[in-house]
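Chemist: Please work out how this folds:
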Amino acid sequence: MSAMSTDEPRDRHGNPADLNEYIARLDNPERDEWQRPDVVLTALGIARTSVVCDIGAGTGYFALRLAKLAAHVYAVDVEPQLLSLLRDRVASAGLHNVTPVLGLPDNPLLPAAVCDLILVVNVFHHVPEKAAYLRRLQAALRPGGRLALIDFHKRELPVGPPVDHKFAREDCLEQIRTAGLQVVTELESLPYQYFLIVSPKASHVR
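Modeler: Okay, here's the model as predicted:
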């Protein structure tokens, strides 16, 4: 996933308008070097009995990995064509524990109280009403559940969206507080992104 230029045509969600080009970016093998999916998933400590959700699942970069670790995965995306591709990949991989969900930009359309973990990677900067969206995610968590928010630092980087499309860590922290949530852990294992693990205040565990 290389950096997007400021004048690149985008769809209604702010992604590259050329879907094939966007898929190529999501699937770029070089992404592993900076996204560090194994590091991310190890840090999250996903139990085999866990129900997890991948917000902005795209082509299944994280969802397919999660399916090998968890009991069930909800794979949410707002782009029907990406979900169709994801369904094909799930079938090709012989997986039976992934449920694709066509969400809305302001609502993931998840059932209430079903998830032990919700993973939000490179998506939060797209969300229009961020605190309200976080509250909807919180409603989908089981007691003791967690959110993991990963997004690009708001500065010039070799990957990710243009600077004016990024959402700064400090602003993300403010939205988390506004939503009535709290950061329980912050990891610094990713070179270009902040990595926040968040929980409802009532279930704060350090």
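
Chemist: Show me the shaky parts of this protein.
Modeler: Across the chain, residues meeting the criterion (pLDDT under 70) sit at 1-18, 202-206.

Chemist: So which residues of it form strands?
Modeler: Along the chain, counting by DSSP state E, strands occupy 51-55, 72-77, 98-102, 115-121, 141-152, 181-187, 193-200.

Chemist: How far away from the center of its chain is the longest one?
Modeler: In terms of C-alpha atoms, centre = their mean, to the nearest Å, the gap separating the centre of strand 141-152 from the centre of its chain is 10 Å.

Chemist: now that strand against strand 51-55, angle please.
Modeler: For strand 141-152 against strand 51-55, the angle between stretch directions is 30 degrees (axes from the mean of the first three to the mean of the last three C-alpha atoms, to 10 degrees).

Chemist: List the buried residues in strand 141-152.
Modeler: Residues of strand 141-152 classed as buried: 141, 145-152 (neighbour count, 16 or more other C-beta atoms under 10 Å). (Glycine included, C-beta is placed from N, CA and C.)

Chemist: Mean neighbour count, the strands of the chain: which tops it?
Modeler: Among these, strand 51-55 has the highest mean neighbour count (mean count of other C-beta atoms under 10 Å), at a mean of 27.

Chemist: and that one, what does it pack onto?
Modeler: For strand 51-55, the packing partners by 3 or more C-beta pairs under 8 Å, 6 or more residues apart in numbering; DSSP states H and E come out as helix 63-67, strand 72-77, strand 115-121.

Chemist: Can you tell me the strand partners of the longest one and which way each runs?
Modeler: What it means is strand 115-121. Sheet partners assigned to strand 115-121 using DSSP bridges are listed as strand 51-55 (parallel), strand 141-152 (parallel).

Chemist: What sits closest to the most centrally placed residue in the chain if chain neighbours are left out?
Modeler: When C-alpha atoms, centre = their mean is applied to the chain, the residue found nearest the centroid is Val120 (2.2 Å). In space, and not counting its chain neighbours, Val120 is closest to Ile55: 4.5 Å by C-beta to C-beta, 6 or more residues apart in numbering.

Chemist: How much space separates the one you found from Tyr133?
Modeler: In this structure, Ile55 and Tyr133 are 9 Å apart, going by C-beta to C-beta, to the nearest Å.

Chemist: Show me the common contact partners of these two, please.
Modeler: Pro108 (C-beta atoms under 8 Å, 6 or more residues apart in numbering).

Chemist: Can you tell me which of the strands paired with strand 115-121 is nearest to Val127?
Modeler: strand 51-55 (9.0 Å; C-beta to C-beta).

Chemist: tilt between the closest one and strand 72-77?
Modeler: If you take the same axes, to 10 degrees, strand 51-55 sits at 10 degrees to strand 72-77.

Chemist: now strand 51-55 against strand 98-102, angle please.
Modeler: Using the same axes, to 10 degrees: strand 51-55 against strand 98-102 is 40 degrees.
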